[in-house]
Each structure stands twice: as C-alpha cells, then as structure tokens.
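> turn this into a structure:
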Amino acid sequence: MSTLITPLFSYATIVAHAVFVVIILAAVFYRSWGRPLVEFIGRHALVLGFLAALSAVVGSLLYSGVVGYAPCELCWWQRIFLYPQVVLFGIALYKRDGGVFAYSVVLSTLAGAVALYHSYIQLGGTHSVLPCTAEGAACAKVFVNEFGYITIPTMALTVAVGLLLIALCRRLYKRMS
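The predicted model follows:
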C-alpha cells in the first residue's frame, strides 16, 4: 500500500509547493494581476481550509493505520495541532464563521514550527534541541524520502503553510471587500 500512497502524496506535495509560489506572488501583487486568485481563495477559504486540514488527517491516518508507520513524538505534536482544525473548519462551514482563522493561524504556526524542526532532524540536522523518546519510532527515522526532500514532516509542513496562506488570502479578500 505504501507504493501507492507515497507517490500520490509526494506528487501532491510538489504540486502544492508550486501552487504556494503562485499564491504568494498573487498575494504580493493582489492589487493588480493577483486579485482574482486572492478573491477566489478568500471567497472559498472555509472550504479550502477544511479540505487542507482533512487531507492532513487522512494522510497521517493512512500512513499510521494502513501502511503501519508508527508515529513518533514529534509526529504526535503535529497531529495535535492539525487534527482539531478539521472539526473547527467543519463547524465554521456549518455556521459560515470566518472567525475560525484566528484559531487556525495559531494552530498552523505551531504545527509548522514542529514540522520544520522535525524536517531538520530527518534531513540530517545534527543539533537536536528536543530529544525524541519514542520507543520504536524515533523522530529521526525516515519512512518516506521522495525527490530528496519530501518526508512525512515535510508533508505536514506543507499543510500548515497551506492553511496559513489560505488565512492570508482570506484576510486580503476581506480587506478588498
């Protein structure tokens, strides 16, 4: 099953990285050519946020529950910050409440910080500030390494950055309205 899931998620991560570049450029130039993209993302921010958070949950559950990769301590912290966002965005969608982004930005920033540190450790970082005490699933163990840099923490970082970019576009959209 890993031979199916890993390439799918790895290519999705690369596509997301390319989309992020376009979104960042659109946000910088939102007063000119970037406006339509920022408006689209801002208008559909709740749905996009829900789908991004849901992808993190589904991906991590597939890797741990189906493929059998045991999550380490840092993986659990990333999950702690990303999993509740599915519920938060689900409620926000139901109530049409854009206030969810105040919580999402904090949770995504924390998830991103942990994922960035975890990526550093997995990609060869030698100065470990937080030792992993996980039995059987050490934080430095690399289960996935595609294209020389895409690991499971890189995928989590991608979701966190994606949620932050959606929040940014939502804010710009509200400012334009």
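
> specify the residue positioned farthest from the middle of the chain.
Relative to the centre of the chain, and counting by CA atoms, centre = their mean, the farthest-placed residue is Ser32 at 27.9 Å.

> helix/strand/coil for that one?
Of the three states, Ser32 takes coil under DSSP: H, G, I helix; E, B strand; the rest coil.

> what about the single longest helix found in the chain, average pLDDT?
Assignment by DSSP state H gives helix 2-28 as the longest helix of the chain. Averaged over helix 2-28, pLDDT sits at 94.

> and the helix or strand following it, which residues are buried?
Sequence order places helix 35-43 as the next helix or strand after helix 2-28, per DSSP states H and E. Under the neighbour-count criterion of 16 or more other CB atoms under 10 Å, helix 35-43 has Leu37, Val38, Glu39, Ile41, Gly42 buried. Using the backbone N, CA and C atoms, a C-beta is placed for each residue, glycine as well.

> do the same with stretch 116-128
Buried, per 16+ other CB under 10 Å, within stretch 116-128: Tyr117, His118, Ser119, Ile121, Gln122.

> where along the protein do the helices fall?
2-28, 35-43, 45-61, 73-95, 100-122, 152-176.

> tell me the most buried of the ones you listed?
helix 152-176 (a mean of 22; mean count of other CB atoms under 10 Å).

> hmm, back to that, dump the buried residues of helix 35-43 to JSON lines, plus pLDDT.
Output for those, formatted as JSON lines (pLDDT from 0 to 100):
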{"residue": "Leu37", "pLDDT": "97"}
{"residue": "Val38", "pLDDT": "97"}
{"residue": "Glu39", "pLDDT": "97"}
{"residue": "Ile41", "pLDDT": "98"}
{"residue": "Gly42", "pLDDT": "97"}
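
> now, which of these sits nearest Thr109?
Ile41 (18.7 Å; CB to CB).

> shouldn't the closest one be in contact with Ile23?
Yes: the criterion here is CB atoms under 8 Å, and Ile41 meets it with Ile23 at 6.9 Å.

> list residues touching both of those two?
Residues touching both Ile41 and Ile23 (CB atoms under 8 Å, 6 or more residues apart in numbering) are Leu165, Cys169.
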